[in-house]
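[1] coordinates only, no sequence provided:
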């Protein structure tokens, strides 16, 4: 069944248990970090960091706000990275859940093309060009478990389940939250499988919280390739 | 906690002050979040804007160490605007009690002060009693000597202007907090407080909590679902260890440790057993002799007889007037008067105030036994920074303990729930459960003392039968704590057989030696029906407020919300029908809901006539009432604002005493202090973060956590950084009169300078999680190198939450 996450940032306390649970489940090494004058660490996603809780200090309407955004791959409904790659052995959408999965064969892809195709700036590569990101804990999900980040969240900021249920939950919660935060919104709910509820403008949280218009997904070249693909396949089949 | 974690969801208003629950008790936010979803308001008062503040509906800044001024202002606000719950105040608090004429307060001092001893003669604060010995009352609250009027008078000085000048909280924000919280004075509303070390670690820590208790009593929030006074414990079993007598001044079950001058059990019982002449006061502590005898039977078994005072003379005693707290012990150790030291499950080289003094003190020992999961800064103190190993004679023994998941036993959480846990993986290598180590140590001591030694009886007579198949048996200990009959005894028509467990609870314990009980408040936790703490039933009680009475077991007698009789009016009917805790079933002649504070009927009949068989709600106090006026503490019956020992102001703006006149101050060469010293111009405070725990022994060696918070840091305002030309992320030096620590500067708008009187005062804050052993650079050190060796006037907990520092570029 098609799956989605609902992430209610209004109740996220940035305890960052999700960030650690992600590393633990995937057995990813810790990045060597220093304190850069901020709580947020690591500074950014990496080949070995699929999840980072972005922490942003803002004064909005004269009030101090500390905004938290547990960032991860959005598992787009129509993933531009997958379409850009055009190579299902490297990047594919799992037919049951919709999880966007990167394999070891991403090594053969053009890193720049893939990263630039992502409107949320998610994929990261190691030196040899292999790429990695959140995999929806597909192995857990296929065995009836929640993704590690959702399982560990103490406040209920993260939920996971059937897409229609998550969409309904997100809309219901948005209505509740708007009483307190009139500018609250859901970020790109129809395009992604990780639906964030934010209390303020998405850009206040993180530059790539919302799909940015100027880095939108697919370059012209890629779009052409996508259009041509059925033909290519047809030709190959011959 | 008077209430428990789940109950937070029932609150209409939650005040988080003196704690940072979102960061340090993350799971609590499951329930705080639920309260907010139900329409509850979250208020956060903290020197800096934290992850807790980020979720608050109202945030107000406060200068560290000025909580009594802040809350005293709220008391005044509640009284001035008549926002208190009147029936509750008259019926359930001591507002109507008449205080004796010897009580007075002037210039920051209560009557009875002896400057040479830095102590009070508390007899000056006593209530007036009638000829029968019952405390005189004026339920109309008109008598000028009644507590209510003295309270009004005392806090009349706590005006918004003055409180704002002291705390640095702008008046507008003070009012916003006062208004929102006082809403809970309506009979059907409940407000709760979540506090932790931000309140306790102060020279007036106990009085910080007292001030809030007064507010909770005035607003009628005690005993209510979503109310209470709730201490967030910093470790999974702090509550349990305190219950079991971890602190020097209490034996298990909050029985006072006897002073040396109390020469017999009879004297002990006479002095420590309160007497009430009021027939409607349950005065529960009148049962103290039963609990004491049962404890002695548990310690010494058959050797404890009526003839030898049940072994009372083998108990350790406190020299009259002396204290044996953390600060006191390390002071004596520093003076070279302690030869040996067991550092058990702790890391004093990093965790205690004035850590340089602690580290130097350990060098005066002949031996130290370090019982812990890993080596730490304490076990390796002799090779730490500034130490010369060749000159240190202390011999250190390391005993590896296994981790909690590798052993069976119980923990008691903040909500007083005793919860059984099982052994998961087997202990790694040679590590062993703490209980196993203690039991073997005891057996070895008994063997050695059997051959002779000074005063061997306390050891040789100790009943020490907790072993099964050569190993410590947690079930035997749990049964010992619950208690059992040592003789056949017939009470009424029931005969209890020797050897059977005491059940259902402590009401059956005896003072004649027929029962043995290791801790009376846990009586009923392990019965012939089994181990109550191992229960995992998830069915709620009929009142559906999240009590889950068959999940684990709560002391006392599985009561989930204590003082719950006060959640009802004098007729026994709940102030809040929707979230009722208990109610009197007149037909069934019993209370239903939670386990009530005793079986007696309520105070009134449905026709408002008084019932002589009813009992007052506050059964643990002598008179049966919540104490707005508390004549038992060392530093006064009403909380009063005093500055911390080290503070940024020359004068206390509230009165003529700068600091708490009875707080302990240590005067050795290692105990230096600096107040209003231009060398240390900024207020300093310490705290924890989500990513590390305590001194970091279990978190600093973990790469996944070090990735999140890799280095010691100091948070400061943008204004202070500009003043000191410090850039964000730069390494700086923080210093106090006692030590220096390097740290990375976090320059943030979450910290703001305070306007104190006419002066701008800056505050900085640091986590205390680091130490030189990890990370391997050795440069991330403990914030406790800076903190002062002074403490609370009652508990003597160190004042590590407010002191003076300097911050400079490296």
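    That came in fine, so what should we check first? Computed from a predicted model, the values in this text were never measured in an experiment.

[2] does stretch A:200-208 reach chain B?
    No. Using C-beta under 8 Å from any C-beta of the partner chain, stretch A:200-208 never reaches chain B; the gap is at least 12.2 Å. Just so you know, the C-beta spots here come from the backbone N, C-alpha and C atoms, and that holds for glycine as well.

[3] could you pull out the buried residues of that stretch?
    A:200, A:202, A:204-206, A:208 (16 or more other C-beta atoms under 10 Å in any protein chain shown).

[4] where does the prediction get shaky in chain A?
    For chain A, applying pLDDT under 70 flags the ranges A:212-238.

[5] and residue 193, what does it touch?
    Picked chain A for this. A:2-5, A:74-77, A:98-99, A:136, A:163 (C-beta atoms under 8 Å, 6 or more residues apart in numbering or on different chains).

[6] oops, wrong one, chain B.
    So residue B:193 contacts B:14-17, B:212, B:216, B:228-230 (C-beta under 8 Å, 6+ apart).

[7] pLDDT averaged over the helix or strand harbouring it - what is it?
    For residue B:193, the element it lies in under DSSP states H and E is strand B:191-195. For strand B:191-195, mean pLDDT rounds to 98.

[8] quick check: closest non-adjacent residue to the residue nearest in space to the middle of chain A.
    The residue lying closest to the centre of chain A (C-alpha atoms, centre = their mean) is residue A:73, at 1.9 Å. Nearest in space to residue A:73, with sequence neighbours left out and distances taken as C-beta to C-beta, 6 or more residues apart in numbering or on different chains, is residue A:134 at 3.9 Å.

[9] tally of neighbours for the one you found?
    26 (other C-beta atoms under 10 Å in any protein chain shown).

[10] what's the longest helix in chain B?
    The helix spanning the most residues in chain B, taking DSSP state H as the definition, is helix B:434-450.

[11] what's the first helix or strand after that helix?
    helix B:457-460.

[12] for the helix or strand following that following helix, which outside residues touch it?
    Using DSSP H and E, the helix or strand that follows helix B:457-460 in sequence is strand B:467-468. Contact with strand B:467-468 is made by B:439, B:443, B:473, B:476, as judged by C-beta under 8 Å, 6+ apart.

[13] which of those count as buried?
    Counted by 16+ other C-beta under 10 Å, the contacts of strand B:467-468 give B:439, B:473 as buried.

[14] and of the contacts of strand B:467-468, the nearest to residue A:122?
    Nearest to residue A:122 among the contacts of strand B:467-468 is residue B:473, at 54.2 Å by C-beta to C-beta.

[15] distance of residue B:459 from chain A?
    As judged by C-beta to the nearest C-beta, to the nearest Å, residue B:459 and chain A stand 46 Å apart.

[16] contacts only, for that residue.
    B:442, B:445-446, B:449.

[17] next: residue A:23.
    A:29-30, A:48-49, B:704, B:707.

[18] narrow the residues you listed to those in helices?
    Those of those lying in helices (DSSP H): B:704, B:707.

[19] so how do I select the buried members of the contacts of residue A:23 in ChimeraX?
    Per 16+ other C-beta under 10 Å, the buried members of the contacts of residue A:23 correspond to this ChimeraX selection:
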select /A:30,48,49 /B:704,707
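
[20] which one of the contacts of residue A:23 is nearest residue B:378?
    Using C-beta to C-beta, the contacts of residue A:23 come closest to residue B:378 at residue B:704, 24.7 Å.

[21] the closest one touches residue A:27, doesn't it?
    No. Taking C-beta atoms under 8 Å as the definition, residue B:704 is not a contact partner of residue A:27, at 10.6 Å.

[22] picking that back up, got a list of contacts for the helix or strand just after the strand holding residue B:193?
    Sequence order places helix B:197-200 as the next helix or strand after strand B:191-195, per DSSP H and E. Under the criterion C-beta under 8 Å, 6+ apart, residues B:17-20, B:46, B:64, B:67, B:205-206, B:208-209, B:212, B:231, B:234, B:687, B:792, B:795, B:797, B:800-801 lie in contact with helix B:197-200.

[23] cool, stretch B:75-91 as well?
    By C-beta under 8 Å, 6+ apart, stretch B:75-91 touches B:95-96, B:139, B:141, B:148, B:151-152, B:155-156, B:158-159, B:175, B:178-179, B:182, B:185-187, B:211, B:214-215, B:217-220, B:566, B:569-570, B:575, B:603, B:617, B:628.

[24] quick one: secondary structure of residue 140?
    Going with chain A. Using DSSP: H, G, I helix; E, B strand; the rest coil, the structure places residue A:140 in helix.

[25] actually chain B
    Under three-state DSSP, the three-state class of residue B:140 is coil.

[26] what residues are up against it?
    Per C-beta under 8 Å, 6+ apart, neighbours of residue B:140: residue B:96.

[27] now swap in the one 10 residues further on and tell me
    Each residue near residue B:150 by C-beta under 8 Å, 6+ apart is listed here: B:99, B:103, B:629, B:638.

[28] cool, residue B:228 as well?
    B:1-3, B:7, B:192-193, B:216, B:221-222, B:561-563.

[29] residue numbers of chain A in contact with chain B?
    Counting by C-beta under 8 Å from any C-beta, chain A sits next to chain B at A:11, A:13-17, A:19-20, A:23-24, A:29-39, A:41-42, A:57, A:59, A:64-68, A:154-156, A:176, A:180.

[30] between the contacts of residue A:193, which is closest to chain B?
    residue A:5 (17.9 Å; C-beta to the nearest C-beta).

[31] just how off-centre is the helix or strand hosting that closest one within its chain?
    When elements are assigned from DSSP H and E, residue A:5 belongs to strand A:3-8. Counting by C-alpha atoms, centre = their mean, to the nearest Å, strand A:3-8 is centred 10 Å from the centre of its parent chain.

[32] can you select the buried ones from the contacts of residue A:193 in ChimeraX?
    Only the buried entries of those go into this ChimeraX selection, using 16+ other C-beta under 10 Å:
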select /A:3,4,5,74,75,76,77,98,99,136,163
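
[33] just the contacts of residue A:193 now: which is nearest residue B:499?
    residue A:5 (57.8 Å).

[34] I figured that closest one was touching residue A:160, is that so?
    Yes. Using C-beta under 8 Å, residue A:5 is in contact with residue A:160, at 5.1 Å.

[35] neighbours of residue A:183, how many?
    Applying other C-beta under 10 Å, we find 12 residues neighbouring residue A:183.

[36] excluding chain neighbours, what is closest to it?
    Nearest one to residue A:183, counting by C-beta to C-beta, 6+ apart, is residue A:200 at 5.7 Å.

[37] now that neighbour: how far from residue B:466?
    As judged by C-beta to C-beta, to the nearest Å, residue A:200 and residue B:466 stand 59 Å apart.

[38] what residues are up against residue B:738?
    B:354, B:356-357, B:670, B:672, B:785-788.

[39] please check those residues and keep the buried ones.
    B:354, B:356-357, B:670, B:785-788.

[40] beta partners of the residue most central in space within chain B?
    Nearest to the mean C-alpha position of chain B, counting by C-alpha atoms, centre = their mean, stands residue B:231 at 6.5 Å. Beta-bridge partners for residue B:231, by DSSP bridges, are residue B:195.

[41] OK, contacts around residue 38?
    No chain was given, so I picked chain A. A:55, B:728-729, B:746.

[42] chain B is the one I meant
    Contacts of residue B:38 (C-beta under 8 Å, 6+ apart): residue B:9.

[43] re earlier: filter the residues of chain A next to chain B to the buried ones?
    Using 16+ other C-beta under 10 Å, the buried members of the residues of chain A next to chain B are A:11, A:13-17, A:19-20, A:23, A:30-31, A:33, A:35-39, A:41-42, A:64-68, A:154-156.
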